[in-house]
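S.K.: With the input below, show me the fold.
(2 chains)
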There are 2 protein chains.
Amino acid sequence: MKIFLLAIGKTQTDYLRSGIDMYMSRIVHYIPMEFKILPDIKGGRGLTEEQQKEKEGATMMSALQPGDAVVLLDERGREFTSREFAQFVETRMNSGLKRLVFVIGGPYGFSDAMYKRADGKISLSRMTFSHEMIRLFFVEQVYRSMTILRGEPYHHD
Amino acid sequence: MKIFLLAIGKTQTDYLRSGIDMYMSRIVHYIPMEFKILPDIKGGRGLTEEQQKEKEGATMMSALQPGDAVVLLDERGREFTSREFAQFVETRMNSGLKRLVFVIGGPYGFSDAMYKRADGKISLSRMTFSHEMIRLFFVEQVYRSMTILRGEPYHHD
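M.R.: The predicted structure follows:
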């Protein structure tokens, strides 16, 4: 199984990009993972929130393949502990799934089409964090989940 | 009112320190805030988890003043949305409180004495994050809370 993280637009903030790159370089020792940056929506500032969500959704859909398990990082999603998240990933690793795709939404959330396509929704916190910061939080959780599954000492609880 | 964030030990990770410094420099335009780093516990590696928690607790207690409102960032704490957190801070700003002190625990949590001293507990997420990363998450939430209270466009929901 390979894990994908999809997000719209490059990580602009240098310090976050450093952290993300560091965790990505650690994760690939455990499991194939790709952080796939989708292109920014053109004309974004002239669009309504609804139009922007639709266009982002279309870009996300075009990056998906039939058979992908698609999980949205969404404030209305289920909250996991780190151990529960590790089990969530492990169950899918053991199921024969080829691609487990996590998707970070734009500032206004996901399009209806993406909600329909999704197999699940995960919330990292009830709090809202910047969209770029969520990228860092999420890759740290993927790294943590791998150390939990291997019984390595990174995670305390 | 002044907000304090207490944590044990310097932030070792460069990219996190960059982000923390950036948010701290923004926050002080809204409210006085100090990130107070307490010294590492000496002989930490020779101590049991319980001994380390006790020593960390004593160091934290020595940084507190009578009348401080003390809030632990603790996985067993209450989960807030960003708006609820902003209201939590605002209520204390309006109460005549002088010092609102948030405390980040060590890797094994807080001592019993700190739990007894605390006026409340907040959980940022059901997930566990690295102790240094929590510093970044938290200062971003304080910044976000200030923009929420001022009605500034940083926060969407």
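S.K.: Could I get the full set of strands for chain A?
M.R.: Counting by DSSP state E, chain A has strands at residues A:2-8, A:33-38, A:69-79, A:99-104, A:120-123.
S.K.: Which strands or helices does the shortest one pack on?
M.R.: Looking back up the chat, that one is strand A:120-123. If contacts are counted by 3 or more C-beta pairs under 8 Å, 6 or more residues apart in numbering or on different chains; DSSP states H and E, strand A:120-123 sits against strand A:69-79. All C-beta spots, glycine's among them, are computed from the backbone N, C-alpha and C.
S.K.: Would you mind getting the angle between the longest helix along chain A and strand A:33-38?
M.R.: Criterion DSSP state H: the longest helix present in chain A is helix A:131-150. For helix A:131-150 against strand A:33-38, the angle between stretch directions is 160 degrees (axes from the mean of the first three to the mean of the last three C-alpha atoms, to 10 degrees).
S.K.: Give me the buried stretch members for helix A:131-150, please.
M.R.: A:131-149 (16 or more other C-beta atoms under 10 Å in any protein chain shown).
S.K.: spatially speaking, which residue is in the middle of chain A?
M.R.: A:F102 (3.5 Å; C-alpha atoms, centre = their mean).
S.K.: now, of the strands of chain A, which is deepest in the fold?
M.R.: strand A:99-104 (a mean of 22; mean count of other C-beta atoms under 10 Å in any protein chain shown).
S.K.: For chain A, what lies in contact range of chain B?
M.R.: Contact residues (C-beta under 8 Å from any C-beta of the partner chain) of chain A with chain B: A:13-16, A:18-19, A:22, A:75, A:79-82, A:85, A:107-108, A:124-130, A:133, A:136-137, A:140-141, A:144, A:155-157.
S.K.: let's see it at 7 Å
M.R.: Proximity of chain A to chain B (C-beta under 7 Å from any C-beta of the partner chain) is limited to residues A:15-16, A:18-19, A:79-82, A:85, A:107-108, A:124-130, A:133, A:137, A:140-141, A:144, A:155-157.
S.K.: Generate a PyMOL selection restricted to the buried subset of those.
M.R.: The PyMOL command for the buried members of those (criterion: 16+ other C-beta under 10 Å) is given here:
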select buried, chain A and resi 15+16+18+19+79+80+82+85+124+125+126+127+128+129+130+133+137+140+141+144+155
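S.K.: And the pLDDT for A:I27?
M.R.: A:I27 is assigned 98 on the pLDDT scale.
S.K.: Just give the number of residues close to it.
M.R.: A:I27 has 20 neighbours, counted by other C-beta atoms under 10 Å in any protein chain shown.
S.K.: in terms of contact, does it touch A:E140 like I think?
M.R.: No: taking C-beta atoms under 7 Å as the definition, A:I27 is not a contact partner of A:E140, at 9.7 Å.
S.K.: Compute the distance between the closest residue in space to A:V101 that isn't next to it in sequence and A:Y154, please.
M.R.: Nearest non-adjacent residue to A:V101, counting by C-beta to C-beta, 6 or more residues apart in numbering or on different chains: A:F4, 4.4 Å away. Between A:F4 and A:Y154 the distance is 23 Å, computed by C-beta to C-beta, to the nearest Å.
S.K.: now A:R117
M.R.: 33 Å.
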